[in-house]
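Novice: Based on what follows, work out the 3D shape:
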Amino acid sequence: MRRSAASTVLVAVLLVAGCGTGQPRNPTSTAATEPPAVDLAPTRPPTVAPAPTGTPGSFSPTDIAWLQLTVAMAERLLPVLELVPARTTDPAWRRLVAQVEATERADLDRARRLLAVAGAPATNPHEGHDMPGMVTAEQVTALRAATGSPFHRLLAGHLRAHLAQAVRIAGAEQHAGAQPATTAMAGAVVRDGNAHLARLDRLDQPPSAAPPANAPAR
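Specialist: Coordinates of the predicted model:
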């Protein structure tokens with residue numbers, strides 16, 4: 001029953017994603033159904049995984065759909081992360097983005113290799129689709145025009161939307177997937193995504209409210 005329900009969730013996520021609709025999404029409005037677990041470790045390297053194994057018949061349609069969406073989401077986020085060195089000199093933001101980028105590249109490589117083992121087409125079925133967690137062309141334009149704190153605010157929204165959506169669909173794949181290597185990868189995406197979200201929450205704190213300059217002394 002749990003596997004069936006999770007599979008339904010993943011299929012619903014793919015449908016709600018608006019695949020093919022081309023509708024821009026608000027990066028600050030997409031969130032995981034459950035709040036992410038907090039990981040307070042200061043740094044966490046991407047999960048190192050063994051080479052993918054299996055046969056084409058061991059991958060379910062759910063496995064392949066999740067891998068394809070993972071590839072599409074990573075391919076959309078990486079160009080955004082590459083903007084960071086030119087848009088901010090803040091070492092904390094640069095460090096966070098470097099950690100996220102390393103994880104995304106590792107996940108992208110692993111997903112592509114698993115899709116190859118599964119015998120799935122190498123093409124991206126979500127190419128050109130603006131789906132939850134993805135940054136739109138208009139939003140990339142806004143990022144390119146921003147620097148410093150405005151850039152940080154925009155970047156935080158996009159990172160949070162991407163990571164929350166990635167954790168959400170990976171959690172569904174964990175319970176609904178059939179191929180062990182794919183569900184193991186989904187577990188790693190959940191752990192790494194929650195760790196990055198915890199770091200982002202600590203970094204993206206609103207400024208402390210300061211009393212007005214003319215406030216009477218107490």
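Novice: Any idea which helix or strand in this structure has the lowest mean pLDDT?
Specialist: Sorted by mean pLDDT, DSSP states H and E, the helices and strands of the chain end with helix 2-16, the least confident at a mean of 50.
Novice: where in the protein is pLDDT low?
Specialist: Low-confidence segments of the chain (pLDDT under 70): 1-57, 124-130, 206-218.
Novice: ranges for the helices of this protein?
Specialist: For the chain, the helices defined by DSSP state H occupy 2-16, 61-81, 84-87, 91-118, 137-145, 148-176, 180-203.
Novice: Please dump the ones you listed into JSON lines; it should also carry distance to Met131 for every row.
Specialist: C-betas here are computed from N, CA, C, even on glycine. What follows is those, written out as JSON lines (distance: least, Cβ to Cβ, whole Å):
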{"stretch": "helix 2-16", "distance to Met131": "9"}
{"stretch": "helix 61-81", "distance to Met131": "7"}
{"stretch": "helix 84-87", "distance to Met131": "22"}
{"stretch": "helix 91-118", "distance to Met131": "16"}
{"stretch": "helix 137-145", "distance to Met131": "13"}
{"stretch": "helix 148-176", "distance to Met131": "8"}
{"stretch": "helix 180-203", "distance to Met131": "16"}
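Novice: Pipe the ones you listed into TSV and attach mean neighbour count per row.
Specialist: Output for those, formatted as TSV (neighbours: other Cβ atoms under 10 Å):
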stretch	mean neighbour count
helix 2-16	15
helix 61-81	21
helix 84-87	15
helix 91-118	18
helix 137-145	14
helix 148-176	22
helix 180-203	21
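Novice: Does Ala178 touch Pro61 like I think?
Specialist: No. Ala178 lies out of contact with Pro61 (Cβ atoms under 8 Å); the separation is 9.1 Å.
Novice: anything in contact with each of those two?
Specialist: Counting by Cβ atoms under 8 Å, 6 or more residues apart in numbering, no residue touches both Ala178 and Pro61.
Novice: show me what contacts Met73?
Specialist: Met73 sits next to 131, 133-134, 162, 165-166 when contact means Cβ under 8 Å, 6+ apart.
Novice: ugh, wrong one, I meant Leu81
Specialist: Leu81 neighbours (Cβ under 8 Å, 6+ apart): 97, 100-101, 104.
Novice: make it 7 Å
Specialist: If you count contacts by Cβ atoms under 7 Å, 6 or more residues apart in numbering, Leu81 has them with 97, 100-101.
Novice: wait, which of these is closest to Arg144?
Specialist: Closest approach to Arg144 among these (Cβ to Cβ): Val97, at 15.4 Å.
Novice: How about that closest one, nearest residue that isn't a chain neighbour?
Specialist: In this structure, Val97 finds its nearest non-sequential neighbour in Val84, 4.6 Å apart by Cβ to Cβ, 6 or more residues apart in numbering.
Novice: Does Leu163 touch Gly193 like I think?
Specialist: Yes. Leu163 is within contact range of Gly193, at 4.8 Å (criterion: Cβ atoms under 7 Å).
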